[in-house]
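Visitor: give the three-dimensional model of this entry:
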Amino acid sequence: MRYYLNSSSLIVRGKFRVCSSSLDGGIRDCTTLINHQVSNNFSGDPERELETLVLSLGLSKKSTAGLLTAVSMNTLCILSWDSLTVFITAGVTHPDPVGSDVIQSPPTAGTINIIVMVQNFSDQGLVDAVITVTEAKSLALRNIGHSFAGTVTDAVAIATEGSGDVRYAGSATEIGQRIHATVFFGTQQALMRQTGVIQRKKPSFFIQSSMGGSHWIEWEKKNCPYYPCHFEGQRCDFCYCPLYPCGDTTLGDWIEKPGKASVWSCTRCTLNHDPRVTSHLKRNPEASLEELKALFLKI
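Guide: Alright, predicted model coming up:
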């Protein structure tokens, strides 16, 4: 899995099995997930908008699942908890009108879009995760004072890489608890950025840390207390690696946890911190790992 921002769109690439309520949704195999920002007054054909975007990026429409929103990608929240990664944009300008007939409207700033990346889920597990995500989103809205459980255009996509062994993702399971906690926290953070309660000029990156007790840490490049974590003059554009977990043991290691799934650790990797590699990856977001390593070794 890798992800990047391009032309006001979040693009997630890999080989996925996806369960989504997105355009061309359902359960199917995909290579690309997109959360695309449209204008606030968008009134066009959502299918045509997505198709035009996909073709402009040189991707396959058949292998793409797309979500649309008018929420700025600068308010995007990316949350990482070991192998779990969640992407959230959120706005509540147009909540579900309780007690009235709802007509599907064009995507607006009142849309909550959630993409969840997990490992080794079966189709049953993907569907179960949709329930967990919806529960957590609704609870997050209630927690910050809203009386509704969602908006008329909310969408969710659960994507998995791997063999498909995980069948259950309810909040009684460990992975379900993580999904619930991440979406609950991330939805509130995304809404605070959309409403201006928290001001950010770029997407926000969070990591779940167990040091000093379980809690979320927002990484900000400015005044980072850990710089330089590798070497003087390093680039920190990809402190949260868009290639994670690459699984290349020349760059990182699988860390065994008693009774739990292994976790990919890349603390010794300096690949994406090298200035020329970082610049190349930003210019060529589809560059392969082998291409980046070859460039790194030439330096």
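Visitor: burial of residue 81, as a residue count?
Guide: For residue 81, the neighbour count with other Cβ atoms under 10 Å is 20. C-beta coordinates here come from the backbone N, C-alpha and C atoms, glycine included.
Visitor: just checking, it touches residue 178?
Guide: Yes: when contacts are counted by Cβ atoms under 8 Å, residue 81 is listed as touching residue 178 (5.3 Å).
Visitor: what do the two both touch?
Guide: Counting by Cβ atoms under 8 Å, 6 or more residues apart in numbering, the common neighbours of residue 81 and residue 178 are residue 208.
Visitor: contacts only, for the residue nearest the centre of the chain.
Guide: The centre of the chain sits closest to residue 87, judged by Cα atoms, centre = their mean, with a distance of 2.5 Å. The neighbours of residue 87, taking Cβ under 8 Å, 6+ apart as the test, are 3, 10, 12, 35, 76-79, 114-117.
Visitor: strands along the protein, start to end?
Guide: Ranges of strands in the chain, per DSSP state E, are 2-6, 9-20, 26-37, 64-69, 77-81, 84-89, 113-121, 155-166, 204-209, 215-219, 253-257, 260-265.
Visitor: next, format those as CSV and append mean pLDDT.
Guide: Shown next, in CSV, are these (pLDDT from 0 to 100):
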stretch, mean pLDDT
strand 2-6, 89
strand 9-20, 95
strand 26-37, 95
strand 64-69, 94
strand 77-81, 95
strand 84-89, 97
strand 113-121, 96
strand 155-166, 93
strand 204-209, 92
strand 215-219, 91
strand 253-257, 87
strand 260-265, 79
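Visitor: please identify the buried residues of the helix or strand of the chain with the lowest mean pLDDT?
Guide: None of the helices or strands of the chain scores lower by mean pLDDT, DSSP states H and E than strand 260-265, at a mean of 79. Under the neighbour-count criterion of 16 or more other Cβ atoms under 10 Å, strand 260-265 has residue 264 buried.
Visitor: do the same with stretch 129-146
Guide: For stretch 129-146, by 16+ other Cβ under 10 Å, it's 129-130, 132-138, 140-141.
Visitor: which among those gets closest to residue 254?
Guide: Closest approach between these and residue 254, by Cβ to Cβ: residue 129, at 23.6 Å.
Visitor: which residue packs closest to residue 120, ignoring adjacent ones?
Guide: Using Cβ to Cβ, 6 or more residues apart in numbering and skipping residues adjacent in sequence, the residue nearest residue 120 is residue 162, 3.6 Å away.
Visitor: the one you found reaches residue 125, doesn't it?
Guide: No: assessed by Cβ under 8 Å, residue 162 is found out of contact with residue 125, at 10.7 Å.
Visitor: so those two - more neighbours on which side?
Guide: Per other Cβ under 10 Å, whichever of residue 162 and residue 125 has more neighbours is residue 125, with 24 against 15.
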